[in-house]
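S.K.: Prediction below, plus the sequence it came from.
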Amino acid sequence: MTQNLLENGTDSIPLEAQGSVKCVINAGCDDESRIYGYRPNQLRTALTYAGFVLTAFLLRLVFHWKPEWYVKCTHDRCSLRRAEKLVIKDQYQQFFVHDICIVTRTGARVKLVNRRSLFNSCVPDTHCVETGTGVRLLDPFMSAAKTAVATERQPLLSRLEEDALIRYFYHKKIKYVWVSELEGFAKIDVFSNTPCSHFHRTTGLLEEDAELQRVKFGGNRVQIPLTPIWQLFVLKALHPFYIFQVFSVTVWFNDGYWMYATCIVIISTVSLSLSVFETARNERNLRLTLVSSDHVKVARGIDNYTELDSDLLVPGDVIEIPKNGCVMQCDAVLIAGNCIVNESMLTGESVPVLKTPLPDPSSSRKKQQLQQQKVRSKPELIFNVREHNKHVLFCGTKVIQTRFVEGSRVRAVVVRTGFMTAKGEMIRSILFPKPIEFKFNQDVIHYLMVLGMFALAGFVYTVVLMHSRGYPVSKMIIRALDLITIVVPPALPAAMTVGIVFAQTRLRKAKIFCISPNQINVSGTLNAVCFDKTGTLTEDGLDLWGVLPTEGDTFAQPVHQPDSLASSPFLEAMATCHTLTRIEGELSGDPLDLKMFLSTGWQLEEPERDDHKKFDQLVSTIVRQPAGQTQPEESQRTPCEIGIVRQFTFSSSLQRMSVIARRLGADHFTAYVKGSPEMVQSLCRPETIPASFHDCLMLYTRQGYRVIGLAYKPLRISYLKAQKIGRESVERELIFLGLLVMENRLKPQTTRVIHELLNANIRPVMVTGDNILTALSVARDCDIIGDQDSVILVQGTPAEPPFKAQVDFHYAGDLRKKVREVVPEHAFSMLNARDPEIDIREGNYHLAMTGRSWEIVRANFPHLIPKLVVKGTVFARFSPDQKAQLVEALQQVGYTVGMCGDGANDCGALKAAHAGISLSEAEASVASPFTSKEQNISCVPTLIREGRCALITSFGIFKFMAGYSTAQFMSCLILYYIGCNLIDVQFLYVDLFIITTLSITFGYTRAFPAWPRRCPACGLCQR
């Protein structure tokens, strides 16, 4: 057996040549892909190049369309360890070809070359430089002599072991590295099984360590290269459609049919140029909108900070967050100080979120005591980005403000860079969307293949007939080839786009702009549309409708102006139970909290210090009632001031938040709690709950209002205990105060459009990053959920040994009522057993679920996803990835899906949908084929109507062109038989005047204003 050697000058070491021929990358994930290894074969390469010459390079053109075929013809299949080129088959059955790159640990690129000794030698690769690493040891533009001198003076490799080289490749912008233990390639795992205490112990990387990390992980820049115009022109010109047009006009020019050939050349050149221009503009807009960089302060040793370009950041770097905020250029975990962050890019909700430092178990007093007593401590807490997302600053989010102890820094440790970040994942979903298969396009291709078979038969018939009659060879070939251009008319694609062009013009007049005209036809077949909520269906934020305080054992009359109420625990709860703060003098926080507090008319003050120093204070916030408002007689002499000393932030799983506050002059603290009415009721003393609680709650929720419950409890504890008391001790035995009724005002056009879609048998679905209660309220308000329809919540519980994962179904209005539409109500995951079957029956009900439950169901009950999306109507707290997953799940059960949104968090779903409609000109517009200047959903029915019009026009033109070409084909066969043919003027009259005129008049037909309940057919064989 031939031994493979790794050689550098005189040094060489053995390199084993074993490993699997194929393997899987990203096993068990959504993007699981097959990977096959190949190495060059000189004999097969020579035979392939001979085939290029013999076929006049037509074979090379085929390989351009199918690069994986080229690899299979010029390479041998081999183990991944010995491979130099890879073929990857992704989850969508698409093929990708990648070269394997090899670098040393210091970043020098090397490559394998075959020598006569048949040994593999490792030499400097002077023709390619690793992009984004910041390391370039050899100049690729140096002459061969200078390169040799440089290599001689500074040898790249001393005697090495195999692990001294890094073999890797990039697939869909993600770096995969060879792992010897796995005998395969794997995605670089950053901070896997890393304890939280590690981040608090780190002091940053030295420059040389950062360089090595940069070689391993690559640069931090999100690379979106701009393709040169000439390259775009060549790539598009090599499309089969343009190649066939070149063939056709060549035949026509040789036959003297120059007039029509010239028209086709002009039309094709203009069409190709416009397509290239549009593609180049989209690439430029995508890069300008999504790619950014900044300067950051990075630790290079203990408390030694230097300013670097963010492109040079690597995992493990310790960075300082500026006190005035910044846009994050990486994913980093906070280890010191607090940050107020706008995460609208991820959630679509412009709500400031408080980020706190990652817990440090190693510094706890309890652990020190256990160590002193030599008691075995629990395993260390392992860091996980999802579980600790309240401590992670995600790339692309905006840090509005930082807060820290005076004299300290707000520090964070970089955990992910480049395309591994949250923003990078979003951009990857834009660059590599799921391919959309439109049945009409597939049927057209199949029909053209059938016509091609007729053309081949006509070619043989013409050659045999003219040869038997003694025609010259040149004329015989011209006539036979001309027959092919008659059967498959080159003008067919251009004629079919006429309807699309006119539809695009009408859409532009309706202020809907399109960057992908081919998807106009697809939009005509939509039968389901997903809508974002905030900014799409509704105006931004909530409005206060009124409040219902309690009076004894019943509710008082609704009060629409809370500032008219006398000072009471109810009003104090509204003024204190929130997480509002002042940023540069302006109140900022959750829109619900903001509306609630402003309605009281109270004033919020914070200590007179710089915003970024508001950290770890005794009383962080003070609320004060204006002197003009009504106050109880006993407090008229003392101004009503309340200091907030502690906050328990809102938790979606607990469905509540609370604060501990103290009134000026009071001898005790008071806990105020705010949350979902059902949850607050369960925490209150039964005698404080009005008898009409359930009836009153159902009255407002069925009208689409968002209802919040309020409660309080006096706390006779010390300040020190108030800072240490557990949340569960505070939020129990409460006194119920009343209800807060909010309305999320719909945009004026929303309800009308939803009714239009429902009447046209098009299913509306809401997918949002907002709270599920708010989402359900809005869905009822706009009639996505009917007044008489019930809502069933799908709740997933993760597996926590010894308990198994569980999925439960219960009514949103009554958690205790038995669910009859879903059997059984509960299901558990069973290891090594058949998946539990759940029967989801028909009826007037809707399923609703959160992103957390969606993730649990996908991981433990994937067979339920198709059933859930068929009846699912409201999907709340969904991340950008989950929105795209929902769109794909709907597509897999047979829906043609549209998506309408306005935020960066909608980009993945907009790109995955059959037709994405952006209501924003920011990030969402570069991912969406359609952008509406009107900031409401009235664009959706307009687009669908124009899509149906364009689709029907394309059907009509195709049938007309297919009938015309078949009739002309048969006519020519008959004329050839009798030794005659049409003259050029007759051909020109038919091709240019009759066909062109009818094609244009077809496209002038406008969309029908009425909405038939039946969607038009999307295939040639459908009715």
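M.R.: Structure received.

S.K.: so where do the helices sit in the stretch 901-1023 of the chain?
M.R.: 907-912, 923-927, 939-977, 984-988, 995-1003 (DSSP state H, counting those that start in this stretch).

S.K.: other SSEs contacting the first one?
M.R.: By that I understand helix 907-912. helix 422-431, helix 880-892, strand 897-901, strand 915-918, helix 923-927 (3 or more CB pairs under 8 Å, 6 or more residues apart in numbering; DSSP states H and E). All C-beta spots, glycine's among them, are computed from the backbone N, C-alpha and C.

S.K.: can I get those in a markdown table with distance to Asp189 and mean pLDDT?
M.R.: Shown next, in a markdown table, are those (distance: least, CB to CB, whole Å; pLDDT from 0 to 100):
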| stretch | distance to Asp189 | mean pLDDT |
| --- | --- | --- |
| helix 422-431 | 16 | 84 |
| helix 880-892 | 18 | 90 |
| strand 897-901 | 32 | 92 |
| strand 915-918 | 32 | 90 |
| helix 923-927 | 28 | 64 |
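
S.K.: would you turn these into TSV with mean neighbour count?
M.R.: Shown next, in TSV, are the helices and strands packed on helix 907-912 (neighbours: other CB atoms under 10 Å):
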stretch	mean neighbour count
helix 422-431	22
helix 880-892	22
strand 897-901	29
strand 915-918	29
helix 923-927	25
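
S.K.: mind checking which of those is nearest Leu592?
M.R.: strand 897-901 (21.4 Å; CB to CB).

S.K.: what's the offset of that closest one from the middle of its chain?
M.R.: Relative to its chain's centre, strand 897-901 lies at 13 Å (CA atoms, centre = their mean, to the nearest Å).

S.K.: what does stretch 957-965 contact?
M.R.: Identification of contacts with stretch 957-965 by CB atoms under 8 Å, 6 or more residues apart in numbering yields 444, 447, 451, 486-489, 491-492, 495-496, 498-499, 990, 995, 998-999, 1002-1003, 1020.

S.K.: Ignore what I typed, I meant stretch 506-521.
M.R.: Here stretch 506-521 has contacts from 278, 282, 436, 438, 440, 497, 500-501, 503-504, 914-915, 917, 929-934, 939, 942-943, 946-947, 950-951, 954, 1006-1007, using CB under 8 Å, 6+ apart.

S.K.: Quick check: the gap between Val823 and Phe809.
M.R.: Noted for Val823: a distance of 9 Å to Phe809, by CB to CB, to the nearest Å.

S.K.: So between the two, which is more surrounded?
M.R.: Comparing Val823 with Phe809 by other CB atoms under 10 Å, the one with more neighbours is Phe809, at 20 against 12.

S.K.: Give me the neighbour count for the nearest residue to the more buried one once chain neighbours are set aside.
M.R.: Excluding the flanking residues, the one nearest Phe809 by CB to CB, 6 or more residues apart in numbering is Val822, at 4.4 Å. Residues near Val822, counting by other CB under 10 Å, number 23.

S.K.: What residues does Val822 make contact with?
M.R.: 792, 809, 838-841.

S.K.: Among those residues, which pair sits farthest apart?
M.R.: Ile792 and Asp839 (13.2 Å).

S.K.: out of the two, which sits in the busier spot?
M.R.: Between Ile792 and Asp839, counted using other CB under 10 Å, the more crowded position is Ile792 (23 against 9).

S.K.: The more buried one looks like it's in a helix, true?
M.R.: No. Using DSSP: H, G, I helix; E, B strand; the rest coil, the assignment for Ile792 is strand, not a helix.

S.K.: if we can go back for a sec, could the helices and strands packed on helix 907-912 be laid out in JSON lines, adding distance to Arg82?
M.R.: Shown next, in JSON lines, are the helices and strands packed on helix 907-912 (distance: least, CB to CB, whole Å):
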{"stretch": "helix 422-431", "distance to Arg82": "30"}
{"stretch": "helix 880-892", "distance to Arg82": "36"}
{"stretch": "strand 897-901", "distance to Arg82": "44"}
{"stretch": "strand 915-918", "distance to Arg82": "43"}
{"stretch": "helix 923-927", "distance to Arg82": "40"}
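
S.K.: Please identify which of these is closest to Phe650.
M.R.: helix 880-892 (20.4 Å).

S.K.: Which other helices and strands does that closest one contact?
M.R.: Looks like helix 880-892 contacts helix 422-431, strand 528-531, strand 763-767, helix 851-860, helix 865-871, strand 872-876, strand 897-901, helix 907-912 (3+ CB pairs under 8 Å, 6+ apart).

S.K.: Swap in 7 Å and give it another go.
M.R.: helix 422-431, strand 528-531, helix 865-871, strand 897-901, helix 907-912 (3 or more CB pairs under 7 Å, 6 or more residues apart in numbering; DSSP states H and E).

S.K.: Pipe those into CSV and attach distance to Gln42 per row.
M.R.: Below are the helices and strands packed on helix 880-892 laid out as CSV (distance: least, CB to CB, whole Å):
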stretch, distance to Gln42
helix 422-431, 35
strand 528-531, 53
helix 865-871, 50
strand 897-901, 49
helix 907-912, 42
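
S.K.: of those, which approaches Leu235 most closely?
M.R.: Smallest distance to Leu235 across those (CB to CB): 16.2 Å, for helix 422-431.

S.K.: and that closest one, what does it pack onto?
M.R.: helix 880-892, helix 907-912.

S.K.: could those helices go into TSV alongside distance to Leu346?
M.R.: Below are these laid out as TSV (distance: least, CB to CB, whole Å):
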stretch	distance to Leu346
helix 880-892	6
helix 907-912	11
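
S.K.: so what's Gly1003 up against?
M.R.: Applying CB atoms under 7 Å, 6 or more residues apart in numbering, we find Gly1003 in contact with 498-499, 501-502, 953.

S.K.: Quick check: which element contains Val353?
M.R.: Assessed by DSSP states H and E, Val353 sits inside strand 352-355.

S.K.: Which strand or helix spans Val270?
M.R.: With DSSP H and E as the criterion, Val270 is inside helix 258-290.

S.K.: Quick check: next helix or strand after that helix?
M.R.: Assigned by DSSP H and E, the successor of helix 258-290 is strand 295-299.

S.K.: Can you list the strands that that next one pairs with?
M.R.: Sheet pairing of strand 295-299 (DSSP bridges) gives strand 305-309 (antiparallel), strand 318-320 (antiparallel).
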